[in-house]
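Asker: I would like to see how this sequence folds:
(one chain, ligands or ions: 1)
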Amino acid sequence: MLLASPGLPPALLQLQGRPGLPLAPDALRPAAAIDPAAIVADPASAAAWPEPAAAIAALVNDTHGAGGINPGDRRALFHLVRTLGARRILEIGTHIGSSILALATALQSLGGTGDAGIVSVDIADVNAPDAAWRAAGMAACPRDNLARLGLAHLAEFHAMPADRYMDGTADRFDLVFLDGSHKAWAVYEDVALALRVLRPGGTILLHDYFADARPITPDGRMIGGPFWALQRIMAECPAITVLPFGRLPWPARQGTPFTSLALVARHQPA
Ligand SMILES: C[S@@+](CC[C@H](N)C(=O)[O-])C[C@H]1O[C@@H](n2cnc3c(N)ncnc32)[C@H](O)[C@@H]1O
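Answerer: Numbering: from 1, shown residues only. Coordinates of the predicted model:
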């Protein structure tokens, strides 16, 4: 256990004094089977993206303050779902529905049949008349935006804390996208619980993972929680590793090529 020190980042201090949770890496896809560069270079995804990209951009407020993931990250999600062949997706943190639109269009582009679908969980009722979509000046809530694109059948929404949902569900997922609370302890807990709801070969995708707790945009802003949470997780369970995407071949965060997206995978020591 770390000792309290005024020199430590607040996100790291948050993790102190809390007993560890069970971390079960067995279901995770091996890191050796994931190539982030190949995911973003996938030509079929590149060809399929322009149409959904334009449709989503017409519905979502993409200004930074609105709080949804940026258009470049949406494209990365689209490529990722398609190249990993994910069918059942759990999203933590629906907010204005920027990411769920990318996830749903990706599933649709793969046929959208069978058990394909997204469970999206947010502590707030994101489809309420006064929810974040309205504060962002958008015309419709996430559920109605999915309906406008003919994708409502692919999503179900739960207004509850992430830990309560993951603790109680019997559903199992190929991909868990964590974009809920960014506090270090909450991310630690969310990863521990996400590991329990993965199907074999599944992956966890983190948003706002700033490698080495360094900013990636000129404004110098950075969220430390996910990075410090994963530092502790990897120290407690060396079979878990993180694969940050780092740089994308298209504009992403604040127009830079950099992204805070990172995959959690299973590390197989040589
Ligand atoms: C950064 S926003 C997510 C953005 C969203 N992915 C998008 O692209 O529009 C974070 C969301 O997580 C939700 N949240 C915060 N803490 C949570 C928790 N403990 N459980 C579930 N959702 C939580 C917030 O209400 C907020 O809507």
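
Asker: Need phi/psi at the closest residue to A211 other than its chain neighbours.
Answerer: When the adjacent residues along the chain are set aside, A211 lies closest to P244, with 4.8 Å between them (Cβ to Cβ, 6 or more residues apart in numbering). C-beta: built from backbone N, CA, C; applies to glycine. Dihedral pair for P244: phi -70, psi 140, per degrees, to the nearest 10.

Asker: next one: K183
Answerer: When read as degrees, to the nearest 10, the backbone of K183 gives phi -70, psi 140.

Asker: hang on, F210 packs against G224?
Answerer: Yes: F210 sits in contact with G224 when judged by Cβ atoms under 8 Å, with a separation of 6.9 Å.

Asker: For this protein, what lies in contact range of the ligand?
Answerer: With the criterion set to Cβ under 6 Å from any ligand atom, the chain comes near the ligand through 67-69, 92-93, 95-99, 121-124, 161-162, 179-181, 186.

Asker: so what's the residue nearest to A211 up against?
Answerer: Shown in contact with P244 (Cβ atoms under 8 Å, 6 or more residues apart in numbering): 36, 209, 211, 260-262.

Asker: Could you tell me how far it is located from L103?
Answerer: For P244, the distance to L103 (Cβ to Cβ, to the nearest Å) stands at 20 Å.

Asker: what does R253 give?
Answerer: Distance of R253 to L103, given as Cβ to Cβ: 19 Å.

Asker: Give me the more crowded residue out of those two.
Answerer: Taking other Cβ atoms under 10 Å, R253 and L103 do not tie; L103 has more neighbours (26 against 21).

Asker: What's the separation between that one and G117?
Answerer: Distance from L103 to G117, counting by Cβ to Cβ: 10 Å.

Asker: Which neighbours do these two have in common?
Answerer: By Cβ under 8 Å, 6+ apart, the residues touching both L103 and G117 are I89.

Asker: if we can go back for a sec, the contacts of P244 in helices, which ones?
Answerer: P36 (DSSP state H).

Asker: ok, of the contacts of P244, which come out buried?
Answerer: Applying 16 or more other Cβ atoms under 10 Å to the contacts of P244, the neighbour count classes 36, 209, 260-262 as buried.

Asker: Would you mind giving these as a markdown table with pLDDT added?
Answerer: Formatted as a markdown table, the buried ones among the contacts of P244 follow (pLDDT from 0 to 100):
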| residue | pLDDT |
| --- | --- |
| P36 | 95 |
| Y209 | 97 |
| S260 | 97 |
| L261 | 98 |
| A262 | 98 |
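
Asker: Reformat those as TSV; add distance to R75.
Answerer: Listed next are these as TSV, based on distance: Cβ to Cβ, whole Å:
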residue	distance to R75
P36	13
Y209	18
S260	14
L261	11
A262	16
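
Asker: nearest to D26, of those?
Answerer: Nearest to D26 out of the buried ones among the contacts of P244 is A262 (Cβ to Cβ; 20.3 Å).

Asker: how long is stretch 145-159 from one end to the other?
Answerer: 18 Å (Cα to Cα, to the nearest Å).

Asker: ok, which stretches of the chain are helices?
Answerer: Using DSSP H, helices in the chain cover 10-13, 36-41, 43-48, 50-57, 71-84, 98-109, 132-135, 142-148, 162-168, 184-196, 225-236.

Asker: Export those as TSV, with columns for distance to A27.
Answerer: Listed next are the helices of the chain as TSV, based on distance: least, Cβ to Cβ, whole Å:
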stretch	distance to A27
helix 10-13	27
helix 36-41	20
helix 43-48	25
helix 50-57	29
helix 71-84	14
helix 98-109	20
helix 132-135	32
helix 142-148	28
helix 162-168	13
helix 184-196	7
helix 225-236	15
